[in-house]
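>>> Attaching a predicted model along with its sequence, questions to come.
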Amino acid sequence: MAAPYKTGLDYYPRKVNFVNDRRFIGLRIKWGNRALGIYEQILDAVYSERGYYISIRDRDREALIRWLWMNYGNFDGLTCEDIEEMITAMVDEELFDRDMYERGILTSHEIQEVFYTATLKRKSITVNEDIWLISEERMRELGKSSPIYKYFHGKINDVINPQSKVNQSKPKETKPEETKPPKEGAGENPVEELGRKYFGTLTQRDLERVRAWGGGIDTRVIEAVFKLTRDKGKGFYYADGVVKRLVSQGTLTWEDYVKRELSMSEPVKPPVRTTRFVNYNQPVYTDEEIEAAIARKKRQREEERRREELSRADNHGATEEELPDANHLP
């Protein structure tokens, strides 16, 4: 009997300075380092099970939140509601891919890149291409020995450069088309041209995503997003998510995009918190009670002074009649 197919990872690498990632600033201001703990617990769940994503559809979401609470939140003062709010905030901070999140999946480019590099030496592995976010170009940079890359490389070549015996039997019909750009060519749509410029070969699905953006967003904004995405070492799927988010936020013109980038580049100032302890159980005394307490304390001190004088008199042979009256002590 063959051994069961392994999908998850036994261990995974982590950046040593991930705590300083700007995406954690808002999370740490609100929840402290507990946000880092919940994020690492989610990574443990992702990598140990399917390796590159975890489902949060329907009951899976409730099960994940309960598991996070039992393994971490319960010991650090977090409720299930806190954990659910924290996951949503992580999506807003782009720690997880928003499109996948809306489809009931928790994953990201970083998570899948770690999984990809960790499984380079595996002989056989399959992934769900509807969930896979890494582009062919990025997979090639990470390593071409992966069976994942070989699968997508062959599939993409079949889509972009189809070759069949039927076409070979009709060279007159195929030759004119080979000298012209394809229907989704760069000359017909400047956005598609930019996509090929920054990401190389685009699949048919990538081109459909580009057309879904419509013509309402400034081409300069799209080029700025493509350039930033490439500089980060990410692929077209990441850029697609950013553009969709800009469209949903109404950032369609170049001026709006510049204002948005300037506002995000301003340093985040943590709120100033003043901690003041108020003991509401402390009793409240009237003026008469305070005066009586002061008089009582005064009489106690006078009695202590009288005892001290009496003790000294005994040592020197004086009688009690020779001692001054306690009521007339200075």
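Okay, I see it. Residues are numbered from 1 along each chain as shown.
>>> in the stretch 151-300 of the chain, what spans have low per-residue confidence?
For the stretch 151-300 of the chain, the stretches with pLDDT under 70 are 154-188, 201, 262-282.
>>> Can you show me the helices along it?
165-169, 171-178, 190-199, 204-212, 219-231, 236-249, 254-265, 287-316 (DSSP state H, counting those that start in this stretch).
>>> and those, which is most packed in?
For the helices of the stretch 151-300 of the chain, average neighbour numbers computed from mean count of other Cβ atoms under 10 Å are highest in helix 236-249, which has a mean of 19. C-betas here are computed from N, CA, C, even on glycine.
>>> Now do that helix: everything it contacts.
The contact list for helix 236-249 (Cβ atoms under 8 Å, 6 or more residues apart in numbering) reads 97-99, 109, 133-135, 195, 198-199, 202, 206, 209, 213-214, 216-217, 221-222, 225-226, 228-229, 232, 252, 257, 260.
>>> mind running it again at 6 Å?
97-99, 109, 133, 135, 199, 206, 209, 213, 217, 225-226, 229 (Cβ atoms under 6 Å, 6 or more residues apart in numbering).
>>> Export the helices of the stretch 151-300 of the chain as CSV, with columns for distance to Glu141.
Compiled in CSV, the helices of the stretch 151-300 of the chain are given as follows (distance: least, Cβ to Cβ, whole Å):
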stretch, distance to Glu141
helix 165-169, 32
helix 171-178, 29
helix 190-199, 12
helix 204-212, 18
helix 219-231, 11
helix 236-249, 14
helix 254-265, 27
helix 287-316, 78
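>>> How about Gly235, nearest residue that isn't a chain neighbour?
Ser135 (2.9 Å; Cβ to Cβ, 6 or more residues apart in numbering).
>>> Check the burial of Tyr11 by counting its neighbours.
8 (other Cβ atoms under 10 Å).
>>> do Phe96 as well
24.
>>> wait, it sits on Ser108?
Yes - proximity of Phe96 to Ser108 meets the contact threshold set by Cβ atoms under 6 Å, at 5.1 Å.
>>> ok so, going back, looking at the helices of the stretch 151-300 of the chain, which is closest to Asp76?
helix 254-265 (29.8 Å; Cβ to Cβ).
>>> just to revisit the earlier point, ok, which of the helices of the stretch 151-300 of the chain comes nearest Ser48?
helix 236-249 (24.1 Å).
>>> and the closest one, how far from the chain's centre?
Here the centre of helix 236-249 is set off from its chain's centre by 17 Å, with Cα atoms, centre = their mean, to the nearest Å.
>>> do stretch 146-154 as well
With Cα atoms, centre = their mean, you get 29 Å for stretch 146-154.
>>> which residues touch that stretch?
Leu120, Ser124, Ile125, Val127, Glu136, Met139.
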